[in-house]
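[1] fold the following and give me the result.
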Amino acid sequence: MTEYREILRLSNMGLSRTSIGASLGYSRNTVAEVVNRAQLKGVEWPLPLDVTDGDLQALLYPEKGHSSSKKLPDCEKLYKEMAKSGVTLTLLWDEYCGECKQNGQIPFAYTQFCHYYHKYVQTTKATMHIHHKPGEQIEVDWAGKTANIIDNITGDVIPAYVFVAVLSCSGYAYVEAFLSQKQESWIAAHVNAFRYFGGVTRIIVPDNLKTGVEKVDWYSPTINKSYHEMAEHYTTAIVPARVRRPKDKPKVEGTVGVISTWIIAALRNDKYFSLTNLNEAISQKLREFNEKPFQKKLGSRYTAFVLEEKEFLLPLPKNRFELALWKKLIPGFNYHISLEKNFYSVPYEYIKHEMDVRITRTVVEIFYHNHRICSHPRIYGKPGQYHTTPEHMPEKHKSHTEWNSERFISWANSIGMYTGTVVKAILTSHKIEQQAYRSCMGLLKLGDRHGVKRLESACEKALSYTPNPSYKHVDSILKSGQDTLISPAEIPHRMDESHSFTRGADYYGRKK
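    Purely as a prediction, here's the structure:
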């Protein structure tokens, strides 16, 4: 209620209307209106002792006495609507005015509307006072203390890092242990937490750890690429807590301490020989923790989640998020990027331009300025393998891709059987077939220099030496002319005793 009595007192003291407004927090026009009304109504200071503030208001503003004809807002309904995402008192007041106008009723002004609502919230003392809207925010962090796993072979103690996620509204928690705090564990923990909750909040509040935030900045932190991609997949947003500001995520900070006692400390005397066994024990303790009754209000974290928050979570996407690693790579002059010692082509126009490379278990995707320019199946196995798309090559390079093993074998067979056999041997001598193409081309080109007949003869001779001849073997035979020599087996043996130089036994002094 406006302080009419104090306005009249200060005005009687000779203070200006501006000074009175500044003292009491009213505008100059409000003070002037009250003073003018008092003059019109003949109200002077000092007032009679039996005049109350209500009497003074009724005397100065008799029209406000009919406020009972105005429609009171349904504060219980407003309280439930305020729990929904994006709903504000301004929006609810606008809807309230629309209903009043439709029903021919008089609405309260916005200030009175808010007054009634806040009075309701303070007096009802609801069991779940909403500091955070349901489904709005989840706070995540690693616990300071670690659990332990015992190596069943060496007996060594292996630390297990405990991830904690807490819904800010209900306090419902998720806990899981990992063997590292690396990117893979961090992302997997979020994915498992969302699946545990059965939905996703609109905001994720992590700490400024390296797996989540690449560059810490007070106003605009740089989110890790993989972490940001996960947030896009689940249609949520990442808003890191400020550095050294634990109050930005008070739920998880408090829950971490409780969980360190309720779960980690409770399991300190038990021995676990695998991460699976440890997480099974954590799951049981977590269920007890979430179902433990509140001390100062009815219900538990679980009941608060089911009754007040679960329905407000965003639905999970159809497909589970697949972790992708990102790297910045620059293609060389052979228009290929090198990844894990294997090579993937890009359009030759992008030579020496920095690329963002997204790597999953099955696919390698290459981006330039957030635009995907190509993708390849991921190569596994022996290093040095190439995956080249012909469209990425300059025109003068494309002719080389037209060759394959069938074409080389067909060409060799047209020269002769032995040449075809040598080409097949060269192709099978390499684990990667393309590595043999240059040798096959060189072998067949020997026919242009020495003639196809000599090439066929040289291949025959090479096969008589080894079942797996190479290009160098055939080339050496042709250069030395060994293919033109007649082998001793090919010389005919004649046993004619009358031959002039055939010596008999008498020549050697022996008897017949």
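
[2] please pull out the lowest mean pLDDT helix or strand from the chain.
    Using mean pLDDT, DSSP states H and E, strand 213-215 stands out as the lowest-scoring helix or strand of the chain, at a mean of 53.

[3] which SSE is immediately downstream of the strand or helix carrying Phe343?
    For Phe343, the host element (DSSP states H and E) is strand 342-345. Using DSSP H and E, the helix or strand that follows strand 342-345 in sequence is strand 355-359.

[4] and the following helix or strand past that next one, what does it pack against?
    Counting by DSSP H and E, the element after strand 355-359 in chain order, helix or strand, is strand 363-368. When contacts are defined as 3 or more Cβ pairs under 8 Å, 6 or more residues apart in numbering; DSSP states H and E, strand 363-368 sits against strand 355-359, strand 371-377. For every residue, glycine as well, the C-beta is placed using N, CA and C.

[5] tell me the most buried of the ones you listed?
    The highest mean neighbour count among the helices and strands packed on strand 363-368, using mean count of other Cβ atoms under 10 Å, belongs to strand 355-359: a mean of 18.

[6] what is that strand packed up against?
    Counting contacts by 3+ Cβ pairs under 8 Å, 6+ apart, strand 355-359 is packed against strand 325-329, strand 336-339, strand 363-368.

[7] among those strands, which is nearest Val162?
    Evaluated over the helices and strands packed on strand 355-359, closeness to Val162 peaks at strand 325-329, with 24.2 Å, by Cβ to Cβ.

[8] and that closest one, what's its mean pLDDT?
    Averaging pLDDT along strand 325-329 gives 85.

[9] please compute how far it lies from its chain's middle.
    Centre-to-centre, strand 325-329 and its host chain are 14 Å apart (Cα atoms, centre = their mean, to the nearest Å).

[10] what residues does that strand touch?
    183, 225-226, 337-339, 354-359 (Cβ atoms under 8 Å, 6 or more residues apart in numbering).

[11] look up phi and psi at Gly135.
    Backbone geometry at Gly135, expressed as degrees, to the nearest 10, gives phi 70, psi 10.

[12] just give me the neighbour total for the residue lying closest to it once chain neighbours are set aside.
    Among residues not flanking Gly135 along the chain, Phe312 sits closest, at 3.1 Å (Cβ to Cβ, 6 or more residues apart in numbering). Number of residues near Phe312 (other Cβ atoms under 10 Å) recorded here: 17.

[13] likewise Lys41?
    Count around Lys41 with other Cβ under 10 Å applied: 13.

[14] now do it, the pLDDT please.
    Predicted confidence (pLDDT) for Lys41: 76.

[15] next one: Phe305 from Lys133, what distance?
    14 Å (Cβ to Cβ, to the nearest Å).

[16] those two - which one has more neighbours?
    Set Phe305 next to Lys133 and count neighbours by other Cβ under 10 Å: Phe305 wins out with 22 against 19.

[17] can you pull the contacts of the more buried one?
    Shown in contact with Phe305 (Cβ under 8 Å, 6+ apart): 167, 170, 172, 197, 290.

[18] repeat for Val239
    Counting by Cβ under 8 Å, 6+ apart, the residues that Val239 touches are 203-205.

[19] of those residues, which is the most crowded?
    Counting neighbours by other Cβ under 10 Å, Ile204 leads the contacts of Val239 with 24 neighbours.

[20] the stretch 1-150 of the chain: helices as residue ranges?
    With helices called from DSSP state H, counting those that start in this stretch, the stretch 1-150 of the chain shows them at 4-12, 17-24, 28-41, 53-60, 75-82, 89-103, 110-124.

[21] before we move on, what about the stretch 151-300 of the chain?
    183-197, 225-233, 250-259, 275-291.

[22] could you list the low-pLDDT ranges of the stretch 301-450 of the chain?
    Residue ranges of the stretch 301-450 of the chain with pLDDT under 70: 395-403, 431-432, 434-435.

[23] possible to save the helices and strands packed on strand 355-359 as TSV with distance to Lys119?
    What follows is the helices and strands packed on strand 355-359, written out as TSV (distance: least, Cβ to Cβ, whole Å):
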stretch	distance to Lys119
strand 325-329	53
strand 336-339	64
strand 363-368	56
